[in-house]
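> Prediction below, plus the sequence it came from.
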Amino acid sequence: MSKFQFPKSILSRPVYDTLQARAGRAHLMVADAEGAEALLDLAKAAPDLMAKSHIIYIPKGAGFEAQLAALRPAQLRVAPSFAAVAPRLHKALADAHMGLQIYLAGTEGLIGQVMQAAISAGYLASAIQGEHRGSVARRVQCVHCKGITEDVATDPFVCAHCGLNLFVRDHYSRRIAAFQGVCIDAEEPGQVPPAKELYA
């Protein structure tokens, strides 16, 4: 099972639930990696939903493409990365009619980026559901250089853009869909504790 129970944290930190079928004329489902398992579970609970669903899936080597295709969704698009599928996602959001329900599943980075795109396109947060599955790695913005590093799995870590040693805060920015990283050795350069896995 690829579910993870996140410990309680500050209020800005996202909270995830289990995807639930909702009434709607159309359904947009976006998942990456093990997030496909959440869509498969949703399909078991509400098989009729799939005929009205547009699924966008980023496998990241997880290999659920055949199982998703077997659901016979109205549309299925498999892409190698979020960047590759972003234009299709923006078009799907722009072209959708009132009543679209949005389901997100997988890593926090994917959920945050799609939620950001949907809210920017005018969708209410109440029309968007998210279920975390798979990796607990974070998408982190360096507060110093503003660069974003994907799939951060340790704390502290070295910023991929400016090279600072960053402490990963639980503070989450919905505006940029990323957690915040702050220089850990600003006052005493070189005094960096050993890196440990997030949630270890």
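That came through, no problem.

> What are the structural domain limits within this structure?
26-132, 138-197 (automatic domain parsing).

> Between the two ends of the last one, what distance do you get?
Same thing as domain 138-197. 11 Å (Cα to Cα, to the nearest Å).

> The longest one now?
Using Cα to Cα, the end-to-end distance of domain 26-132 comes out at 22 Å.

> likewise stretch 72-83?
First-to-last distance for stretch 72-83 - Cα to Cα - comes to 25 Å.

> now that stretch: mean pLDDT?
Averaging pLDDT along stretch 72-83 yields 96.

> okay, the domains of the chain, which one's buried deepest?
domain 26-132 (a mean of 18; mean count of other Cβ atoms under 10 Å). Just so you know, the C-beta spots here come from the backbone N, C-alpha and C atoms, and that holds for glycine as well.

> Enumerate every residue touching the closest residue to residue 62 other than its chain neighbours.
Nearest non-adjacent residue to residue 62, counting by Cβ to Cβ, 6 or more residues apart in numbering: residue 33, 4.3 Å away. For residue 33, the contact set (Cβ atoms under 8 Å, 6 or more residues apart in numbering) comprises 58-62, 106-107, 133-135.

> Would you format these as TSV with pLDDT included?
Below are those laid out as TSV (pLDDT from 0 to 100):
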residue	pLDDT
58	98
59	97
60	95
61	91
62	93
106	97
107	95
133	95
134	92
135	92
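
> Now intersect those residues with the strands, please.
If you go by DSSP state E, these have 58, 106 in strands.

> Residue 6 and residue 18: what is the separation?
Residue 6 sits 14 Å away from residue 18, going by Cβ to Cβ, to the nearest Å.

> could you show me where the helices are in this protein, in order?
With helices called from DSSP state H, the chain shows them at 35-45, 65-70, 82-95, 108-120.

> got CSV for these, with distance to residue 188 too?
CSV is the format used below for the helices of the chain (distance: least, Cβ to Cβ, whole Å):
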stretch, distance to residue 188
helix 35-45, 40
helix 65-70, 49
helix 82-95, 37
helix 108-120, 31
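
> what's the closest of those helices to residue 169?
helix 108-120 (14.0 Å; Cβ to Cβ).

> With just CA atoms, put the closest one into CSV.
Listed next in CSV are the C-alpha coordinates belonging to helix 108-120 (Å, rounded to 0.1, in the frame of the first residue of the first chain):
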residue,chain,number,x,y,z
GLU,A,108,2.4,16.3,-3.1
GLY,A,109,4.3,18.0,-5.9
LEU,A,110,1.7,16.9,-8.5
ILE,A,111,-1.3,17.6,-6.3
GLY,A,112,-0.1,21.1,-5.5
GLN,A,113,0.8,22.1,-9.1
VAL,A,114,-2.5,20.9,-10.5
MET,A,115,-4.5,22.5,-7.7
GLN,A,116,-2.7,25.7,-8.4
ALA,A,117,-3.5,25.5,-12.1
ALA,A,118,-7.2,24.7,-11.4
ILE,A,119,-7.6,27.6,-8.9
SER,A,120,-5.9,30.0,-11.3
